[in-house]
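A.B. asks: quick one: sequence and predicted model below, then my questions.
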Amino acid sequence: MGTSIELKVSSVSLDYAKNNMGSDYGYLFQSQDLASRPCDGIDYDYYAAHPEEEDELAERELSFVRPLSRVVPRLEILGHTLATAKSEYEALASEAASIFEMVSNGLQPDYLTFEEFCDLANLFPLTSLADGYVEYETEGRDTVSQGRFADQAERFARVPWTENSDMYWSEASYLSSKVCILSAASMLLIFAQDPRNAEAEVIWQFGDIVNAGWAARGDFVAGADRKQTILVATEGASDARILRRALDLLRPDIADFFRFIDGDERHHFWGTGNLVRFAEGLVRIDIQNQVLFLLDNDAEGVDAYRKLKELNMPANLRSMVLPNVEELRSFPALGPEGLTNCDINGRAAAIECYLDLNLPGYPPAQVIWSNFKRDIALWHGALEHKESYDRHFMKHDAHELASGKYDLSKLHQVLDAMVIEVSLLSAADPR
């Protein structure tokens, strides 16, 4: 008979393999998602009679488990969106329509639109679906198995047919066979549109197939693999250090997708000039890693961004400047005409400007204008005492930062901008 492995959300199967590992879904999870869940392939009566084998039972129940709402950010950072799901559905419907027309003398099927398909998929909360096996001898088994979906026969008939469309034995398996016709990533995003599914468990249960010898335990590793991670190249060590900590604290669900170049004080690419030359070298050697060049939102950063754009970098390389934020549009700046409030976006907004600038024992934050960048006709400035703001951020522990006493609003905007850029990078350069 063999042993199977499935990726499920609640009791709805999204993907299935038998006697092999199947697709690697480790990227959906993180190491802390390792858990135990009951498995259909386990004879629990046997283990009840043999309590000395409880360790083997625990290994057979090993799974990665994560709420659907916390899987979605991991999908999105890899470039999966509802738009890509819609394209996938429409391509499948088009292919199915071509086959239908060939076997029906030119008749055209009336398939659901993508929006109608999503509505049908989310007719009921996933956690409410019955998943008990309906025996073959049951009178009216097909209708009984369909459960509440039996009343929706006309709508289900308008879903493109697949080879698994008639394989069901419960309410949950009926939805799986009829609706789960797209990739697991697309179906997860579709189910996530219903807020009632936010806490539905996404389960990749692998213990049984490892126990059966069809795969090795080491094959099942949670987290982004090396090809899925993004190498972030910053101007200096402080940028990398601040952003690494911000991701770990504020975006823990996707922090493992980011790697930083040498985040200590021996940063190899200090300054915008070296960063541009580094990018030029990567373009020449046709590096295959995905790299995001992250520049300060000051005059030198804007100038370097212009130079990076001129390199016509391939799809796996992308550059960005720290985002413009409203709080920096009227900021104290000291220059030849004294202290005035200026918009420092694009002129003097280094990463430290996005930290909490209410620093005890220091005067109000200000930037100082230093030099004029003729190529872009902008003055460049720097935040005074910026190392102190860096140290102030780094000394706060996670609890203190989460208390609300430290202003994280600008850092959130930085991370939001980074996630968008990485999502675009992943979509343009799928791995």
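C.D. replies: Sure, I can see it. Numbers count the residues shown, from 1 in each chain.

A.B. asks: can we go C-alpha only for contacts and neighbour counts from here?
C.D. replies: Fine.

A.B. asks: the stretch 301-431 of the chain: helices as residue ranges?
C.D. replies: 386-395, 398-402, 409-428 (DSSP state H, counting those that start in this stretch).

A.B. asks: buried residues, the first one. List them.
C.D. replies: To tie it back to what came earlier, the one meant is helix 386-395. Using 16 or more other Cα atoms under 10 Å as the burial criterion, the residues of helix 386-395 that qualify are 386, 389-390, 392-393.

A.B. asks: so which of the helices of the stretch 301-431 of the chain is the most packed in?
C.D. replies: Ranked by mean neighbour count, those are led by helix 409-428 with a mean of 18 (mean count of other Cα atoms under 10 Å).

A.B. asks: who touches that one?
C.D. replies: Residues from elsewhere that reach helix 409-428 (Cα atoms under 8 Å, 6 or more residues apart in numbering): 76-80, 230, 246-247, 250-251, 290, 292, 315-318, 320, 322-323, 325, 354-355.

A.B. asks: that older thread, between the buried residues of helix 386-395, which is closest to Y305?
C.D. replies: For these, the closest approach to Y305 (Cα to Cα) belongs to K386, at 22.3 Å.

A.B. asks: what sits against the nearest residue to the closest one once chain neighbours are set aside?
C.D. replies: Leaving aside its sequence neighbours, K386 sits nearest to E352 (Cα to Cα, 6 or more residues apart in numbering; 6.0 Å). Neighbouring residues of E352 by Cα under 8 Å, 6+ apart: 383, 386-387, 389-390.

A.B. asks: ok so, going back, out of the contacts of helix 409-428, which sit inside strands?
C.D. replies: 230, 292, 317-318, 320 (DSSP state E).

A.B. asks: that older thread, out of the helices of the stretch 301-431 of the chain, nearest to F257?
C.D. replies: helix 409-428 (9.4 Å).

A.B. asks: can you check what angle separates the closest one from strand 317-321?
C.D. replies: Orientation check (axes from the mean of the first three to the mean of the last three Cα atoms, to 10 degrees): helix 409-428 against strand 317-321 gives 160 degrees.

A.B. asks: rounded mean pLDDT for helix 409-428, please.
C.D. replies: Helix 409-428 shows a mean pLDDT of 93 in the predicted model.

A.B. asks: how far off centre is that helix?
C.D. replies: On the basis of Cα atoms, centre = their mean, to the nearest Å, helix 409-428 sits 11 Å off its chain's mean C-alpha point.

A.B. asks: could you list the low-pLDDT ranges of the stretch 1-150 of the chain?
C.D. replies: 1 (pLDDT under 70).

A.B. asks: and the strands in the stretch 101-250 of the chain?
C.D. replies: For the stretch 101-250 of the chain, the strands defined by DSSP state E, counting those that start in this stretch cover 201-205, 230-234.

A.B. asks: what mean pLDDT does the last one have?
C.D. replies: Predicted confidence along strand 230-234 averages 94 (mean pLDDT).

A.B. asks: for that strand, packing partners?
C.D. replies: strand 258-260, strand 291-295 (3 or more Cα pairs under 8 Å, 6 or more residues apart in numbering; DSSP states H and E).

A.B. asks: mind saving the C-alpha coords of that strand as PDB?
C.D. replies: Coordinates of each C-alpha in strand 230-234 appear next as PDB, following Å, rounded to 0.1, in the frame of the first residue of the first chain:
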ATOM      1  CA  ILE A 230      17.600  37.600  -0.200                       C
ATOM      2  CA  LEU A 231      21.100  38.900   0.300                       C
ATOM      3  CA  VAL A 232      20.800  42.600   1.500                       C
ATOM      4  CA  ALA A 233      23.800  44.800   0.800                       C
ATOM      5  CA  THR A 234      23.900  48.000   2.800                       C
END
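
A.B. asks: show me what counts as buried in stretch 354-366.
C.D. replies: Under the neighbour-count rule (16+ other Cα under 10 Å), stretch 354-366 has 354-357, 365-366 buried.

A.B. asks: centroid-nearest residue for the chain?
C.D. replies: R74 (1.9 Å; Cα atoms, centre = their mean).

A.B. asks: for it, which non-adjacent residue is spatially closest?
C.D. replies: The shortest distance from R74 to any non-neighbouring residue, by Cα to Cα, 6+ apart, is to I254 (5.9 Å).

A.B. asks: can you report how many residues lie near the one you found?
C.D. replies: Using other Cα atoms under 10 Å, I254 is surrounded by 25 other residues.

A.B. asks: so it sits right up against P73, yeah?
C.D. replies: Yes. If you go by Cα atoms under 8 Å, I254 and P73 touch, sitting 6.8 Å apart.

A.B. asks: what comes up buried for the longest helix along the chain?
C.D. replies: As assigned by DSSP state H, the longest helix anywhere in the chain is helix 82-103. By 16+ other Cα under 10 Å, the buried positions in helix 82-103 come out as 82, 85-86, 88-90, 92-93, 96-97, 100.

A.B. asks: what of stretch 113-120?
C.D. replies: Buried residues in stretch 113-120, counted by 16+ other Cα under 10 Å: 114, 117-120.

A.B. asks: what's the closest of those to V202?
C.D. replies: When those are compared for distance to V202 (Cα to Cα), C118 wins out at 18.4 Å.

A.B. asks: let me see the contact set for the closest one.
C.D. replies: The contact partners of C118, by Cα under 8 Å, 6+ apart, come to 190-191.

A.B. asks: same thing but 10 Å
C.D. replies: For C118, the contact set (Cα atoms under 10 Å, 6 or more residues apart in numbering) comprises 86, 112, 179, 187, 189-191, 193-194.

A.B. asks: before we move on, back to that, what's the most distant pair in the ones in strands among the contacts of helix 409-428?
C.D. replies: Spatially, the most separated pair among the ones in strands among the contacts of helix 409-428 is I230 and M320, at 13.5 Å (Cα to Cα).

A.B. asks: mutual contacts of those two, please.
C.D. replies: L292.

A.B. asks: before we move on, the earlier item: closest to G271 among the contacts of C118?
C.D. replies: L189 (40.0 Å).

A.B. asks: next one: that closest one, what pLDDT does it get?
C.D. replies: Predicted confidence (pLDDT) for L189: 98.

A.B. asks: what is the neighbour count of it?
C.D. replies: Residues near L189, counting by other Cα under 10 Å: 22.

A.B. asks: ends of stretch 261-273, how far apart?
C.D. replies: 16 Å (Cα to Cα, to the nearest Å).
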